[in-house]
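Trainee: need a structure here:
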Amino acid sequence: MAMKNKTYATILLAVYAVVATVHVAADLQRFDHLPTKADGSLDILVVGDWGRRGLYNQSNVAHQMGKIGENLDVDFIVSTGDNFYEDGLIDEEDSLFYESFTQVYTATSLQKQWYSVLGNHDYRGNVLAQLSPVLTQKDSKWLCLRSFIVNSGIVEFFFIDTTPFQDKYFTETDHKYDWRGVLPREEYLSNVLKEVDMALEESIATWKIVIGHHTIFSAGSHGNTQELIDQLLPILEAKEVDLYINGHDHCLQHISSQNSQLQFLTSGGGSKAWRGEVNQWNPTEMKFYYDGQGFMTLRVTEGDISVAFYDVFGEIIHTWSNTKYTHMDS
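Mentor: Predicted coordinates for the structure are as follows:
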């Protein structure tokens, strides 16, 4: 597996060199990661808001991820952002990368490809460092881009850079953000929305899953993200997206839409949690809320999709599944 990852990382270097330093390209970068199991199923782990040098139970969550990852023989891991606290990476040589990623996620089952998006804390550091191919050379399982697509045949994952959508980051004075590659903002956001809309329209996958750092809907401390409700949600509903998966709120959460098939899943319990701030929510929509550490698993087949949330002890605390009839069904 290590040799395979190194070869894969080498192929990505040329892509990284372009994507990390220039404006959004005409098309979202696409990566194929097809299922390898005989039955064609796909298993992934999802974790967010984790990079704290193993502290705040990050190491304990990582340990349980390793055990579950081995049991499920996971295909890859998704990170929903805020990969390095508190202020991203300083540069490509920042020890925080090794101490919060390589040194923490050591289980054999976690030495698979990681697909990561940027969070608002990542934008407080050197964004280009976190997107740099140098990090892939240091740890071949690392892949972080702004917005991109992972094609797994029966399912396509659309990763979206959500931080630039939120107005407050451009006006607050408490923190500085690295907006290189984002400005002019209006053009950047327009391109992202246009490309995601087009990619979803062209997708022939049975399942469509969108991943971003920020919540669309959440009962957690950060709550809803109005900019995404206004600009991104109409696209997801119109293109019949199945799941929107995010981090940002440090909890595990499942909200069901009453307007569409869309499910809103939060996996932001990779380290610091237990904030004790939970807002009231319509009980017909709020299927699950856990104010603590943990992670999520996702299993996809041609006709079924299933989700499980695990706590820091490796116990399943919520499950959900859905069946979709396809052209292959009689």
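Trainee: Hmm, Lys138 is touching Tyr98, no?
Mentor: Yes - using Cβ atoms under 8 Å as the test, Lys138 is close enough to Tyr98 to be in contact (7.2 Å). Any C-beta I mention is one placed from the backbone N, CA and C, and that applies to glycine too.
Trainee: just checking, next helix/strand downstream of the helix or strand of the chain with the lowest mean pLDDT?
Mentor: When the helices and strands of the chain are compared on mean pLDDT, DSSP states H and E, helix 2-19 comes out lowest with a mean of 45. Once the chain leaves helix 2-19, the next helix or strand it forms, by DSSP states H and E, is strand 29-32.
Trainee: Kindly export that following strand (C-alpha atoms) in CSV.
Mentor: C-alpha atoms of strand 29-32 as CSV (Å, rounded to 0.1, in the frame of the first residue of the first chain):
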residue,chain,number,x,y,z
GLN,A,29,-9.9,18.7,-10.8
ARG,A,30,-11.1,15.1,-10.9
PHE,A,31,-9.6,12.0,-9.3
ASP,A,32,-10.7,8.4,-9.9
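Trainee: what's that strand packed up against?
Mentor: Under the contact criterion of 3 or more Cβ pairs under 8 Å, 6 or more residues apart in numbering; DSSP states H and E, strand 29-32 touches strand 148-151.
Trainee: Which neighbours in the sheet does the strand it packs on have, and how are they oriented?
Mentor: Sheet pairing of strand 148-151 (DSSP bridges) gives strand 29-32 (parallel), strand 155-160 (antiparallel).
Trainee: Columns mean pLDDT, distance to Ile149 and mean neighbour count on top of those strands, output as JSON lines?
Mentor: Output for the strands paired with strand 148-151, formatted as JSON lines (pLDDT from 0 to 100; distance: least, Cβ to Cβ, whole Å; neighbours: other Cβ atoms under 10 Å):
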{"stretch": "strand 29-32", "mean pLDDT": "97", "distance to Ile149": "5", "mean neighbour count": "15"}
{"stretch": "strand 155-160", "mean pLDDT": "98", "distance to Ile149": "6", "mean neighbour count": "25"}
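Trainee: Among these, which comes closest to Phe309?
Mentor: Proximity to Phe309 (Cβ to Cβ) singles out strand 155-160 among the strands paired with strand 148-151, at 18.6 Å.
Trainee: so how far is stretch 305-312 from its chain's centroid?
Mentor: 15 Å (Cα atoms, centre = their mean, to the nearest Å).
Trainee: What residues of it count as buried?
Mentor: 305, 307-312 (16 or more other Cβ atoms under 10 Å).
Trainee: Identify, from these, the entry nearest to Leu265.
Mentor: Distances from Leu265 to the buried residues of stretch 305-312, taken by Cβ to Cβ, are shortest for Val307, at 6.5 Å.
Trainee: residues contacting the nearest residue to that closest one once chain neighbours are set aside?
Mentor: Excluding the flanking residues, the one nearest Val307 by Cβ to Cβ, 6 or more residues apart in numbering is Trp320, at 4.8 Å. Residues in contact with Trp320 (Cβ atoms under 8 Å, 6 or more residues apart in numbering) are 254, 263, 287-288, 306-307.
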